[in-house]
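J.: Give the three-dimensional model of this entry:
(2 chains)
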Protein chains: 2
Amino acid sequence: MDKTGHNTSGDAGQLRFAQSSAGLTSSEIRDLMSLATAPGIISFAGGMPGNELFPLDEMDRIYNRLTEKEKQTALQYGPTNGLPSLRESLSYYLESKELPVHENRLLITSGSLQAIHILARAFIDPGDRVLVESPSFIGALSAFRACQAELQAVPLGGDGMDLSALEQELTGGASLPKFLYVAPNFHNPAGIVYSMEVKRQMIALLQGRNIPVIEDDVYSDIWFHEEDLPGMKNLKAMNPAGIDICFTGSFSKILGPGLRLGWMLVPEPIYRKCELIKQSIDACSPSLSQVIADKFIRSGEMNSYTARIREEYKKRGEAMIAALEEHLPGYVTFERPRGGFYTWLQLPKGTDSTLILKKAIEKGVVFVTGKTFDPAGERNDHMRVSFCNTDVETIRRGIPLIAQAIREVIGK
Amino acid sequence: MDKTGHNTSGDAGQLRFAQSSAGLTSSEIRDLMSLATAPGIISFAGGMPGNELFPLDEMDRIYNRLTEKEKQTALQYGPTNGLPSLRESLSYYLESKELPVHENRLLITSGSLQAIHILARAFIDPGDRVLVESPSFIGALSAFRACQAELQAVPLGGDGMDLSALEQELTGGASLPKFLYVAPNFHNPAGIVYSMEVKRQMIALLQGRNIPVIEDDVYSDIWFHEEDLPGMKNLKAMNPAGIDICFTGSFSKILGPGLRLGWMLVPEPIYRKCELIKQSIDACSPSLSQVIADKFIRSGEMNSYTARIREEYKKRGEAMIAALEEHLPGYVTFERPRGGFYTWLQLPKGTDSTLILKKAIEKGVVFVTGKTFDPAGERNDHMRVSFCNTDVETIRRGIPLIAQAIREVIGK
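T.: Numbering: from 1, shown residues only, chains lettered A, B, ... in the order given. Have a look, this model is predicted:
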């Protein structure tokens, strides 16, 4: 929950997803929810930035420098594909990440979830096969399910997708999958980064098969170690011949999710389909948000702001790793995150993390169960513990409670 | 187009809809578009408020009084159904219109088009019949078509829907329609208000048939004559037993469409379905917009602002009527608008208004062809001329050009 005690989509929403996938009755869910959103509870459940990290001073400066004309633009309808000025400044930003902006088209969306939703509607007919990672981002799974896709899971390891499982899905299925959905940088929930080698082999496997890739990249500015940057090169930036890569991103982690602003960078024919779909969904994304995001990029404040929050998230991530190392029983393993918002704990095989969540809530702490991120909604022997929305001191208080809950369910 | 020369969704977007439905080739469309968005052209095509009418001073006052906590809320995710504070203040506003807020649930959406889009997805399976007015709002038609609905048109007269045609559709079809979509107040494009008598008879026809109604009500604050208010009572406010009325509205005409904020007020079971659909579309509507809209209602500024713009739109509407009466040939008829944004001109039967549009563009003036609003996309002997985004002086200059274009195509 956020500091105002609201149930927010990024947190109670995800918790509700978590609970509803955990086979609880609705009255059990209500009880858990009222506990989980009670004041004083420590939340490792959310995927939202910390409220105290938002660039309020920067937003004030931007707002107070807007001209009358810019404020009119902010209150008026804009083009379906986004305000021209934002498309221009965002292009510079994406070019600085070596993305091939000019060979593609940019569509501004209402959050990157909308970009994924629109792509799902552009590609999926009911019953179509779609390849996703296991585990995977719940918002994308839910968008694909809403289009009645059949989800085919490809397991993730510490350096990316299991390539032999991918090859099997590509060659073994009755019908060609409609696309592959991946999040190679600071994966939600797995916390990992794909290695360059896995990316290269994945591309080699996909080439010549006419299967588009949706590359979801919302955390890549939240890196902790500059030396990791070369290895984080986007699939889209690798620009492989013969694969349509649909790149999606967001201002949610680098400005604020309350703006509801994301984008897709896609080849022209896919763009045309997506623009029409967006037109029938919400006509255009919020102009007010777009004007502010545009000024944020142009002012140079975005770069100094992301540098600042990287420092803070790194502190939190490191405090999380230290606390987990100190308190977790030895039978729980996890990848040390090098960026992003999440750690993904692997429990002994067959553990039901919902039982741990119940214990944890009694102790005043919440996280999200593994099942939530399983494309089949079954496997529950993982848990996602996020460090984005809790400060270092709270992490140090909360993680021992998580560890206690685990020990009470599984043993010493 | 807006003053900055952008192609906006509300204008060039509608024009593009208009053109693409008019059987032109894409290069003809490009030529028309480049003419229609050229500087200096007079636009009677748009459905957006005038830029010069936005409440910029009010927005400045609101922004500069926001607390740190409110700004954090503005940048953070909110609940899928909307910020609690906005749901509360909007409830007061809707109660002041006698809407049964407490027997229903309120869902904040990203514009009322999103509300209609979500309802369409909640109700429609491919091939389902859906009843719509003829003419009807292009955005709704496009949302229903995207769900592969079969559109059944019920003609509109000067005081509302043709009731015997409605009865025929209700009793004669092979399958029950999934819903009826209507816009009884200041209809877009027809400009009319349903009479109380037509509304009562419509309700009587619908009762006991289990066919929900989507009541689209985005223009009802733009009335020109206070004495009309009692007759404008919403179907939802009439609260008829046994009919699920899904009421949709928007901040677009009473604050600014750039916020992308609308709502639906619907019975609980429909609400639950719609909230889940919204969760997979964009998680939540923009918090920044919601914080500002909430403060706008609570400050009392909304009421004084709508009073102010009503005066201006009334001047424009009256100038439009006077100019049309002075310049139009006698064979063109139209209803005098008593509010809203539009006049709807009826040309001699069989006229192709696209020919008139071509002439008009040569003269530096644009409107939207009738075909655009025809559920079948065929009938083209009407034209929509809006007065929302042109000042009185421009209306006086532009309407004679429209009249000339009509005469050049049809004759003296």
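J.: Packing partners of the longest strand seen in chain A?
T.: Looking across chain A with DSSP state E, the single longest strand is strand A:150-157. Where contact means 3 or more CB pairs under 8 Å, 6 or more residues apart in numbering or on different chains; DSSP states H and E, strand A:150-157 is packed against strand A:129-134, helix A:138-146, helix A:163-172. All C-beta spots, glycine's among them, are computed from the backbone N, C-alpha and C.
J.: how about 10 Å then?
T.: Counting contacts by 3 or more CB pairs under 10 Å, 6 or more residues apart in numbering or on different chains; DSSP states H and E, strand A:150-157 packs against strand A:129-134, helix A:138-146, strand A:160-161, helix A:163-172, strand A:180-182, helix A:196-206.
J.: Tell me which of these is the most buried.
T.: Comparing the helices and strands packed on strand A:150-157 on average neighbours per residue, with mean count of other CB atoms under 10 Å in any protein chain shown, the densest one is strand A:180-182 at a mean of 27.
J.: Relative to that one, what are the paired strands and their orientations?
T.: Strand pairing for strand A:180-182, using DSSP bridges, gives strand A:129-134 (parallel), strand A:213-216 (parallel).
J.: coming back round to it: the helices and strands packed on strand A:150-157 into a markdown table, with extra columns for mean pLDDT?
T.: Shown next, in a markdown table, are these (pLDDT from 0 to 100):
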| stretch | mean pLDDT |
| --- | --- |
| strand A:129-134 | 98 |
| helix A:138-146 | 94 |
| strand A:160-161 | 98 |
| helix A:163-172 | 94 |
| strand A:180-182 | 98 |
| helix A:196-206 | 98 |
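J.: Please tabulate these in JSON lines and include distance to residue A:360 as additional columns.
T.: Shown next, in JSON lines, are the helices and strands packed on strand A:150-157 (distance: least, CB to CB, whole Å):
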{"stretch": "strand A:129-134", "distance to residue A:360": "24"}
{"stretch": "helix A:138-146", "distance to residue A:360": "19"}
{"stretch": "strand A:160-161", "distance to residue A:360": "30"}
{"stretch": "helix A:163-172", "distance to residue A:360": "32"}
{"stretch": "strand A:180-182", "distance to residue A:360": "30"}
{"stretch": "helix A:196-206", "distance to residue A:360": "33"}
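J.: Nearest to residue B:175 among those would be which one?
T.: helix A:138-146 (24.4 Å; CB to CB).
J.: got the angle between that closest one and strand A:150-157?
T.: 150 degrees (axes from the mean of the first three to the mean of the last three CA atoms, to 10 degrees).
J.: Contacts (any at all) between chain B and helix A:138-146?
T.: Yes - using CB under 10 Å from any CB of the partner chain, helix A:138-146 reaches chain B at A:139, A:140, A:141, A:142, A:143, A:144, A:145, A:146.
J.: quick one, what contacts the third one?
T.: Meaning residue A:141. Residue A:141 makes contact with A:17, A:116, A:130, A:132-135, A:149, A:151, A:153, A:181, A:372-375, A:377, B:280, according to CB atoms under 10 Å, 6 or more residues apart in numbering or on different chains.
J.: again with residue A:360
T.: Taking CB under 10 Å, 6+ apart, one finds A:36, A:41-42, A:44-45, A:353, A:366-367, A:383, A:398, A:401-406, A:408-409 in contact with residue A:360.
J.: If we go by neighbour counts, what in the helix or strand containing it is buried?
T.: In this assignment (DSSP states H and E), residue A:360 forms part of helix A:353-362. Neighbour-count burial for helix A:353-362 flags A:353, A:354, A:355, A:356, A:357, A:358, A:359, A:360, A:361 (criterion: 16 or more other CB atoms under 10 Å in any protein chain shown).
J.: Mind giving me the packing neighbours of the helix or strand just after it?
T.: Heading C-terminal from helix A:353-362, the first helix or strand you meet, by DSSP H and E, is strand A:365-366. If contacts are counted by 3+ CB pairs under 10 Å, 6+ apart, strand A:365-366 sits against helix A:14-20, helix A:26-36, strand A:42-43, helix A:353-362, helix A:392-410.
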